[in-house]
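Participant: need a 3D model of the sequence below.
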Amino acid sequence: MAIDIDQFDERSPEELAELSNPEQVLKFLYKNRDRAWKAREIANRTGINENSIHSVLSRLEERELVRHKGPYWAITDETSRLRQAYDTHRVTQLFDGLYGEEDRDEWIQASEQANE
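Facilitator: Numbers count the residues shown, from 1 in each chain. This is a model prediction of the structure:
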């Protein structure tokens, strides 16, 4: 997806970093919180592959960040839940930047060793 050259010139590299699929969906649904959308429409408007959109939406629903009724999807009406998820995400990004990303396999191995 292309951006305006003024955005390119004015924004920092961090601001121009691509959002993950779940972040894109949440941002889109939040900006359009007065409506509910079909998965295909969300995929088209966010640029997410239609083959991926249902798994993204399902994971967000499991975390209670989106609502689902019939073929329609909408952002949760629990703004405190969204704020908590956003804050957790930002802190994780900060720590990853400071200390490096966590290795999931190392965590699993450490957990298994602790349980022995």
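Participant: just the strands in this protein please.
Facilitator: The residue ranges that make up the strands of the chain, judged by DSSP state E, are 37-38, 66-69, 72-75.
Participant: any weak-confidence spans in the protein?
Facilitator: For the chain, applying pLDDT under 70 flags the ranges 1-2, 14-17.
Participant: looking at the strands of the chain, which is buried most?
Facilitator: Of all the strands of the chain, strand 72-75 carries the top mean neighbour count, a mean of 19, counting by mean count of other Cβ atoms under 10 Å. C-beta here means a position set from N, CA and C on the backbone, and glycine is covered the same way.
Participant: I'd like the strands of the chain written out as a markdown table, with distance to Val91 added.
Facilitator: Output for the strands of the chain, formatted as a markdown table (distance: least, Cβ to Cβ, whole Å):
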| stretch | distance to Val91 |
| --- | --- |
| strand 37-38 | 29 |
| strand 66-69 | 22 |
| strand 72-75 | 21 |
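Participant: domains of this protein?
Facilitator: For the chain, whose domains are defined here by automatic domain parsing, the residue ranges read 19-77, 78-116.
Participant: of all the ones you listed, which one is nearest Ile3?
Facilitator: Using Cβ to Cβ as the measure, domain 19-77 is the one of the domains of the chain that comes nearest Ile3, at 12.1 Å.
Participant: where does that closest one sit relative to the chain's centre, distance-wise?
Facilitator: For domain 19-77, the gap between its own C-alpha mean and the chain's C-alpha mean amounts to 9 Å (Cα atoms, centre = their mean, to the nearest Å).
Participant: gap between Glu78 and Leu65?
Facilitator: The gap separating Glu78 from Leu65 is 9 Å, by Cβ to Cβ, to the nearest Å.
Participant: same check, this time on Arg40
Facilitator: As judged by Cβ to Cβ, Arg40 and Leu65 stand 20 Å apart.
Participant: good, we can wrap up now.
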